[in-house]
Every structure is written in C-alpha cells, then in structure tokens.
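Engineer: Test case, fold it:
(chains A, B, C and D)
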2 protein chains.
Amino acid sequence: MPTDKNIELTINHGHAASPPKAAKKILDVAYDLFYRRGIRAIGVDEIVKRAGVTKPSLYRSFPSKDELAASYLRQYDREYWERFDEAVAAHPGDPRAQISAFLTRVGKRTQRPDYRGCGMTNAAVEYPEHGHPARVVSEANKQELRHRLREMAAAMGAQDPDTLGDGLLLLIEGAYISGQLFGLGGPAASVARNADLLIEASLKK
Amino acid sequence: MPTDKNIELTINHGHAASPPKAAKKILDVAYDLFYRRGIRAIGVDEIVKRAGVTKPSLYRSFPSKDELAASYLRQYDREYWERFDEAVAAHPGDPRAQISAFLTRVGKRTQRPDYRGCGMTNAAVEYPEHGHPARVVSEANKQELRHRLREMAAAMGAQDPDTLGDGLLLLIEGAYISGQLFGLGGPAASVARNADLLIEASLKK
DNA sequence: TGACAATGTTACCGATCGGTACGTATACAT
DNA sequence: ATGTATACGTACCGATCGGTAACATTGTCA
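Structural biologist: Modelled structure (predicted):
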C-alpha cells in the first residue's frame, strides 16, 4: 500500500496544537455508524450531523464517502491486528496457545449484545465489486489473516498446514457471521472449542 | 410462518392461463440482482427496467421493496433446503455421509467464479435491524440450519452434538463468506475436508 | 498590523431513492 | 353492447443521495 493520502497520515502536520479535530471526529463517528449499521445504510449527512460538523469539512478531509469508508476500515485493520498480536504476544513460541487465546477472545466478542460482526467481512459483503476502495482494504486484511493462520498451523506441526490454517479461518469467519446472526448463545460461542478439536485432529501423530 | 400474503401463493389463482406474469418476472430479476449485487445496492427502478415492466406493477404485487427482498429470500430458502435435502436423500440413514455430501457441494459452489456467498447471510449483514422483513427470513433459515446440524451431529454419535453441530455451522458460514472474499482457491475449498476432520475428532471413541 | 493558509458555514446541485395518483387496455360475463 | 374486474403504463411526488461553489472565521506567521 504505497500511496496513502488519507487523514491518518496528515492529522497533525507540523504545528504543535493546530487541530484538524473535525477530521478525527468525522472518522470516529463514521467508524461507529458504519460498523453498527453498515456503510451503505449511512449517509454522509448523518455522519456530519452526529459529528457536529458540516459536509464540506468531510470532503476536505476525505475525497469521497467510499474513501471515508476505506479509512474506517484501515482504522479497523489496525485495531484488528492489535488484538491479534496481543494474543500472540501472550504466548511466545506457542502458536497453538496463541490461536487458542485469539479464538477465546473472538468467541467472547461475538457474545456481546451489540456485536455486529467483523467490519472487514461486512464491508466485503456490502461491496462485491472488485476494486472498490472499501473492498480492497477488506480483501487485504483477509489475505493477511489467511497467511498468518497458515504459518501458525505450520509452526504448530500440522500434517497439512494449509488445510488447518484454512479450517481455522473458516471457523473464525463463521464466528463473525453467526455472532451477529444468532446473538448470545449462538454457535460462535463454541469457536474456540471447535478450533481446538480441529487442531488436535490435524497435528502429526 | 402462518401468514404469507406474497406472490408465491397467489401466482395462479383460478384462471388456468391468465396469471400476472409481471410478478414472476419481477421476482426473477430481483432474485438475480439482489443476490449478485446486494439488496441495498439495487433500486426498484433498475429491477422494473430489467424486468421490462413498470413500477406500479411491482407495487401491485409486492407491498414494498423490503417485502420484495423478503420474497426473494423465501425463494432462496426453498432452493436452499432443496439442495440440502438432496444431499440428505442421497445417503439415507447415514448422517455423516449426508453432511459430507452437502459440504462437498457447498465447497464446489463457493469455487464458482460468480459465487456471491449465501443470500441469507448477506441479507442479514445488510440489514442488522431486528424485525426487518428480510432479516426475519434470514434468521429463520439459519435457526433451521442450526437445528438440523445439531440433530445430525447427535445422530452420527457425537460426544457433544451441540458443539459439533455448531462447529459445522461455523465452517459452513465461513465457507459462504470466504467463498466470495477469496474466490477460486480460497479457504472455502477445504470446507468438506475440515468438516470431516472435525467430525472424526468429535465422535465417541 | 497585515497577509496567508487552514478550517468552518450557508446554500445549493443533479441524480436517484422508494412509492403513488390516475388514466388506459384487455378479457370475460351478462 | 356494456358493465366489471383485473393488469399495465404515464407521469409524478417529496425525501434523500453524494458532492460542491462561494463565503466567513480562525490562528499563525512576518
């Protein structure tokens, strides 16, 4: 991702206390609304209204609504890998424990009453057209997830690391979706246990 | 689902050869467009244009766009269980083979170049609001799927049938989503193999 | 103080959104 | 032939969509 002219890079450009606080407020509000109610469902008018600013402020910081959505997803991406890396860092050198920690966390998140699934997954569903700014970010996130899972499956000594890594990804995506579909007590609650069973069955004997 | 005032029940009401064919064309076109590009992404104008009819024709057969979307999903639901029951009927009395057959089929479907995921899942993502006509149909479909999978898991002698059933559901939903995210060669291709591993690890020893 | 750049505001654009009032065409029964 | 019911089309509605032109305000420099 070589070109990135978005707000997250220009938010404090020099002057110590010159505040483009509007851009931050806009992104914060857009993040919340896009995640909770969907990107297509939210109009720019509602975003600027809730952010307490006006439309031109939005369009001076973001070239378009689609790019604002992409910025939201880039923010989501950062926080996503933060959570992932926390689980990894908690169990150095033990990929199986890392996965277990991450999936336990995912399982818990999916049981929260306001859980709305994975922002990345949802965006890809909302924008099937290849090349859409939001979808590009989403696809990159998922490719990275697949890559990491396959590597961890190899590190934990799976017979077929690619299959196990992909199996874990299927369980994770299933948890994201069924978390928002079934709510509390849904199948997503069992993602960690099922992943553990799958891992156990996939290791070299 | 006791009340159902929609077109599928009134499409041939008496006169042998004088049905409102407009309604069928509308539903067919809506099915295709809603599935391929998303419900929110498609306006009623495009539907009637592609169907070769006019807007009042649509609103005479369907009370609203939301209800048209619900009708599309009811149609999707019927075809869904048709496919499911075919896999079941192919292996009478052998739930494990039934699941295997269904998941092999799902895996193949997800690898088709124009695959766009599960219409039910996608609709639930597009409409997070509880009670939305489209979401109601989608949730019912998923509840039924969960129920059937848990029953089949019990029938095949799982140690913890509910956990295995839910695990299979997670894999299936993961396949639906990653099928449209990764396309050909994505993780969804391995859904049947991973399900088999999970089943093997979940049976009573 | 004056100049400049950045940010904010008012008011508006054409296009499209879901939905409808109302007139027309066709078929059948009387 | 003429009523009656049904299906379909023309033309339109207000609201909202994403986006912008022109102007006012602000803070930071010299």
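
Engineer: residue in chain A nearest to DNA strand D?
Structural biologist: Going by Cβ to the nearest atom of the strand, DNA strand D is nearest to residue A:43 of chain A, at 2.8 Å. All C-beta spots, glycine's among them, are computed from the backbone N, C-alpha and C.

Engineer: Show me where chain A has its helices.
Structural biologist: A:7-10, A:21-37, A:44-51, A:55-61, A:65-89, A:95-110, A:119-126, A:133-155, A:161-182, A:191-202 (DSSP state H).

Engineer: In a markdown table, list these along with mean pLDDT, distance to chain B and mean neighbour count.
Structural biologist: Rendered in a markdown table, the data for these read as follows (pLDDT from 0 to 100; distance: least, Cβ to the nearest Cβ, whole Å; neighbours: other Cβ atoms under 10 Å in any protein chain shown):
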| stretch | mean pLDDT | distance to chain B | mean neighbour count |
| --- | --- | --- | --- |
| helix A:7-10 | 33 | 24 | 14 |
| helix A:21-37 | 91 | 6 | 19 |
| helix A:44-51 | 93 | 15 | 17 |
| helix A:55-61 | 91 | 21 | 15 |
| helix A:65-89 | 97 | 13 | 18 |
| helix A:95-110 | 98 | 10 | 20 |
| helix A:119-126 | 98 | 4 | 26 |
| helix A:133-155 | 98 | 5 | 20 |
| helix A:161-182 | 98 | 3 | 26 |
| helix A:191-202 | 98 | 3 | 22 |
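
Engineer: So which of the ones you listed is nearest residue B:84?
Structural biologist: Smallest distance to residue B:84 across those (Cβ to Cβ): 17.1 Å, for helix A:161-182.

Engineer: Tell me what angle the closest one forms with helix B:133-155.
Structural biologist: With axes from the mean of the first three to the mean of the last three Cα atoms, to 10 degrees as the basis, helix A:161-182 and helix B:133-155 are set at 130 degrees to each other.

Engineer: Report the backbone C-alpha coordinates of helix A:161-182 in CSV.
Structural biologist: Presented in CSV, the C-alpha positions along helix A:161-182 are these (Å, rounded to 0.1, in the frame of the first residue of the first chain):
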residue,chain,number,x,y,z
PRO,A,161,-0.8,-26.7,7.5
ASP,A,162,-2.6,-25.0,4.6
THR,A,163,-5.7,-27.1,5.3
LEU,A,164,-5.6,-26.4,9.0
GLY,A,165,-4.9,-22.7,8.5
ASP,A,166,-7.9,-22.5,6.2
GLY,A,167,-10.1,-24.5,8.5
LEU,A,168,-9.3,-22.1,11.3
LEU,A,169,-10.1,-19.2,9.0
LEU,A,170,-13.5,-20.8,8.2
LEU,A,171,-14.3,-21.2,11.9
ILE,A,172,-13.3,-17.6,12.5
GLU,A,173,-15.4,-16.2,9.7
GLY,A,174,-18.2,-18.4,10.8
ALA,A,175,-17.9,-17.0,14.3
TYR,A,176,-18.0,-13.4,13.0
ILE,A,177,-21.1,-14.0,10.9
SER,A,178,-23.1,-16.2,13.3
GLY,A,179,-22.2,-13.9,16.2
GLN,A,180,-24.3,-11.2,14.6
LEU,A,181,-26.9,-13.7,13.3
PHE,A,182,-27.6,-15.6,16.4
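
Engineer: Now do it: distance to the chain's middle.
Structural biologist: 14 Å (Cα atoms, centre = their mean, to the nearest Å).

Engineer: same for that helix, what does it pack against?
Structural biologist: Helix A:161-182 is packed against helix A:95-110, helix A:119-126, helix A:133-155, helix A:191-202, helix B:119-126, helix B:133-155, helix B:161-182, helix B:191-202, with contacts defined by 3 or more Cβ pairs under 8 Å, 6 or more residues apart in numbering or on different chains; DSSP states H and E.

Engineer: Which residues outside the fifth one are in contact with it?
Structural biologist: With Cβ atoms under 8 Å, 6 or more residues apart in numbering or on different chains as the test, helix B:119-126 has contacts from A:38, A:40-41, A:117, A:121-122, A:125-126, A:177, A:180-181, B:34-35, B:38-40, B:69, B:72-73, B:76-77, B:80, B:116, B:134-135, B:137-139, B:141-142, B:173, B:176-177.

Engineer: repeat for the fourth one
Structural biologist: Here helix A:191-202 makes contact (Cβ under 8 Å, 6+ apart) with A:96, A:99-100, A:103-104, A:106-107, A:110, A:153, A:156, A:158-160, A:163-164, A:167-168, A:171-172, A:174-175, B:163-164, B:166-167, B:170, B:194, B:197-198, B:200-202.

Engineer: Put together a markdown table for the helices and strands packed on helix A:161-182, with distance to residue A:63 on each row.
Structural biologist: Output for those, formatted as a markdown table (distance: least, Cβ to Cβ, whole Å):
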| stretch | distance to residue A:63 |
| --- | --- |
| helix A:95-110 | 32 |
| helix A:119-126 | 18 |
| helix A:133-155 | 9 |
| helix A:191-202 | 38 |
| helix B:119-126 | 25 |
| helix B:133-155 | 32 |
| helix B:161-182 | 25 |
| helix B:191-202 | 39 |
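
Engineer: Starting from residue B:28, give me the distance back to the residue of chain A found nearest DNA strand C.
Structural biologist: Closest contact between chain A and DNA strand C, by Cβ to the nearest atom of the strand, is at residue A:22 (2.8 Å). The spacing between residue A:22 and residue B:28, counted by Cβ to Cβ, to the nearest Å, is 47 Å.

Engineer: sorry, back to before: residues contacting the residue of chain A closest to DNA strand C?
Structural biologist: By Cβ under 8 Å, 6+ apart, the contact list for residue A:22 reads A:51, A:53, A:57, A:61.

Engineer: redo that, cut-off 6 Å
Structural biologist: With contact set as Cβ atoms under 6 Å, 6 or more residues apart in numbering or on different chains, residue A:22 has these partners: A:53, A:57.

Engineer: from memory residue A:142 sits against residue B:183, does it?
Structural biologist: No: under the criterion of Cβ atoms under 6 Å, residue A:142 lies out of contact with residue B:183, with a separation of 11.1 Å.

Engineer: what does chain A have sitting close to DNA strand C?
Structural biologist: Residues of chain A lying close to DNA strand C (Cβ under 7 Å from any atom of the strand) are A:18, A:20-23, A:53-57, A:60.

Engineer: Of those residues, which is the nearest to residue B:189?
Structural biologist: Within the set of the residues of chain A next to DNA strand C, residue A:23 lies nearest residue B:189; the separation is 41.9 Å, counting by Cβ to Cβ.
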